[in-house]
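For reference, the sequence and a predicted model appear below.
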Amino acid sequence: MVDFGFDIKHLFPQPIIRVQPHSLRPKITQLHHHHYSLNVNPQRRHLTLPSCQLSQILDVMGKLSADAQGLRHPVTTADKLTADQVVYLMADEAAGHWAITGLLKVGTKDLFLFDQEGCCRRANQTPAILDFYVHESRQRCGQGKLLFEWMLEQQGWSPRKCSVDRPSKKLLAFMGKHYGLVRTIPQGNNFVLYEGFFDDPITKCNSVCELQATSRVRSQSLAKDQTQLSIRNGAHAGRFRRSIANQESELETSLHGRRWNEPRTHASTTCIQGSRGRRFEHN
Ligand SMILES: CC(=O)SCCNC(=O)CCNC(=O)[C@H](O)C(C)(C)COP(=O)(O)OP(=O)(O)OC[C@H]1O[C@@H](n2cnc3c(N)ncnc32)[C@H](O)[C@@H]1OP(=O)(O)O
């Protein structure tokens, strides 16, 4: 368990709390008012603000999580928490006083993901598990499951629909044990997806595979027309060749536009053929 130099009990009306960026950064006026209204050591004044205390807890827990995973830089810090991310903090008083026992940071990501057929799909607002840590003294006691279940309930997510950012061996084992999630869908980025991720009915859309097949058929039929016409009238063959080239180029442009310029909507999922190993995530 992790102790801090201040009492954390007032931060935890229940054992797990949800922390969002707006509860971390105190407004300047709030800080100013606080400094003048409290008769405490100026060095420690800011630590009496709940938002500052939460920030400190996040920084310390983020660092411990990074150490546990062998990462050079913490994934979680108060400063790095963005509007589409949430941190769940868990605490208890098993040691006779309230102490922090775990952290779980989640968020949504717009990702390009490979489905089971190897077709690349654009998946907006994908639930993502970003950082998960239970203090060493409390691991393998069901604390992680408790925290994860709470998060799923609050977020309205199901485990199968979560992408996991660079899971550790322990987290892979955790997902297997508690949710039977073992079989993964290979991705070209750091995220792990489990089979079943694409199972729900998703917005039907033209995949790029289909569009490119259409392009090929159109090219073949244009080429056929061209051959017939060049036999009939050799003088017009050049013009037709240029026409084919123009149409192919238009189709390519429209494909390119679909790849990178589509509006970011919840339901839209676009299937794009991409080379494996290439990272498609965009922020
Ligand atoms: C996206 C990411 O955040 S990746 C990084 C994940 N975090 C880490 O690896 C940091 C260190 N590990 C931890 O903090 C914890 O082990 C967590 C968060 C992964 C799991 O929390 P716990 O409280 O241990 O989970 P809980 O008790 O509910 O479940 C235990 C199961 O998790 C897995 N697990 C936990 N610890 C280990 C371990 N040392 N070795 C192998 N599997 C482990 C096992 O499946 C275990 O079941 P078992 O004991 O029957 O083998």
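Arrived safely. Numbering: from 1, shown residues only.

Quick check: closest non-adjacent residue to whatever residue of the chain ends up closest to the ligand.
Among all residues of the chain, residue 144 sits closest to the ligand, at 2.3 Å; criterion: C-beta to the nearest ligand atom. For the C-beta atoms, the positions are set from N, CA and C on the backbone; glycine is no exception. Excluding its sequence neighbours, the residue lying closest to residue 144 (C-beta to C-beta, 6 or more residues apart in numbering) is residue 134, at 4.8 Å.

Next, the contact list for the one you found, please.
90, 101, 102, 143, 144, 147 (C-beta atoms under 8 Å, 6 or more residues apart in numbering).

Those into a markdown table, with extra columns for neighbour count, secondary structure and pLDDT?
Shown next, in a markdown table, are those (neighbours: other C-beta atoms under 10 Å; DSSP: H, G, I helix; E, B strand; the rest coil; pLDDT from 0 to 100):
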| residue | neighbour count | secondary structure | pLDDT |
| --- | --- | --- | --- |
| 90 | 25 | strand | 98 |
| 101 | 27 | strand | 98 |
| 102 | 26 | strand | 98 |
| 143 | 18 | helix | 98 |
| 144 | 23 | helix | 98 |
| 147 | 22 | helix | 98 |
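
Can you check the pLDDT for residue 40?
With respect to pLDDT, residue 40 scores 51.

Show me what from the stretch 51-200 of the chain comes close to the ligand.
Residues of the stretch 51-200 of the chain lying close to the ligand by C-beta under 6 Å from any ligand atom are 65, 68-69, 129-134, 139-145, 164-165, 167-168, 170-171, 173-174, 177.

Out of these, which sit inside strands?
Those of these mapping onto strands are 129, 130, 131, 132, 133, 134, 164, 165, per DSSP state E.

Grab the nearest non-local neighbour of the last one.
What it means is residue 165. Nearest non-adjacent residue to residue 165 (C-beta to C-beta, 6+ apart): residue 130, at 5.2 Å.

do the fourth one as well
Counting by C-beta to C-beta, 6+ apart, residue 104 is the residue found nearest to residue 132 once chain neighbours are left out, at 5.1 Å.
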